[in-house]
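>>> With the sequence up front, the predicted model follows.
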Amino acid sequence: MSTNNLTKKQLATLDAIKKLTAQWGRQPTLDEIAGELNITSKSTVHEHVQALIRIGTLIACTGKKAYLLPDEAMEIELPMLGQIAAGKPIQAVENERIISPNDVLVRADRYALLIRGDSMIDIGVMDGDYVVIQSQEYARNGEVVAALIDNYETTLKRIYYLSDGRVELRPENRTYESMFYPAESVQVQGKMVGLFRKWS
């Protein structure tokens, strides 16, 4: 993706990320980026990273890392050969046509997040999966959302608005407990509309 539309500070942030990633073999934390740029405020670096995500130069990620460097995008088409039962057996019918995952999942208002952790495994969202998020700033009770907490950490949880003004972010893993925040501490960034994973 072209970097011509980046501000000087955004470009410096991106260059620092690429430089430190090449040096260390991993992506730097916000603190490490701030150190490379001689910036004392981690929140300033976070703002630049979020701007790069909105532009599409970085990919949003759940957890404290908050971002990923994108791999080169690929347009994929697969032959769609029919149906297969996951319950009672059905008659095997070959009905070949072409299905594009891009057509099914990709829209201008959607993006992907890489999942880190196991807090949503009871609905089949596993560590290492990619979830597709439809960008929006609102959600209904019970929807699975990407939520930004205190302008710092992003998490994927089921959201509930409580009568006392708090927001419950409920995991889908019976070994985890819900998290509760003042409404002003939680910003909905989008709702989950799809999922894909690499099977090995």
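Ah, there it is.

>>> Could you list everything residue 110 pairs with in the sheet?
Assessed by DSSP bridges, residue 110 has beta-bridge partners residue 134.

>>> hang on, isn't it packed against residue 130?
No - assessed by Cβ atoms under 8 Å, residue 110 is found out of contact with residue 130, at 11.7 Å. Quick note: C-beta positions are derived from backbone N, CA and C, even for glycine.

>>> quick one: which of these two has more around it?
Between residue 110 and residue 130, residue 130 has the larger neighbour count (other Cβ atoms under 10 Å), namely 18 against 14.

>>> So the more buried one sits against residue 113, correct?
Yes - with contact defined as Cβ under 8 Å, residue 130 counts as touching residue 113 (6.9 Å).

>>> Can you list the strands that whatever helix or strand residue 180 lives in pairs with?
Using DSSP states H and E, residue 180 sits within strand 179-182. When pairing is defined by DSSP bridges, strand 179-182 lines up against strand 166-170 (antiparallel).

>>> So for stretch 15-24, mean pLDDT?
Across stretch 15-24, pLDDT averages out at 85.

>>> Can you give me the buried ones in it?
With burial defined by 16 or more other Cβ atoms under 10 Å, the residues of stretch 15-24 counted as buried are 16-17, 20.

>>> Just those residues: which are in helices?
Judged by DSSP state H, these include 16-17, 20 as members of helices.

>>> nearest to residue 141, of those residues?
Taking Cβ to Cβ as the measure, residue 141 lies nearest residue 17 of these, at 36.9 Å.

>>> Please report the distance of that closest one from residue 152.
Note on residue 17: its distance to residue 152, by Cβ to Cβ, to the nearest Å, is 18 Å.

>>> same question, residue 16
Taking Cβ to Cβ, one finds residue 16 at 19 Å from residue 152.

>>> for the most centrally placed residue in the chain, what are its contacts?
In the chain, the centroid-proximal residue (Cα atoms, centre = their mean) is residue 113; its distance is 2.1 Å. Residue 113 is in contact with 59-62, 130-131, 133, 146, 154, 156, counting by Cβ atoms under 8 Å, 6 or more residues apart in numbering.
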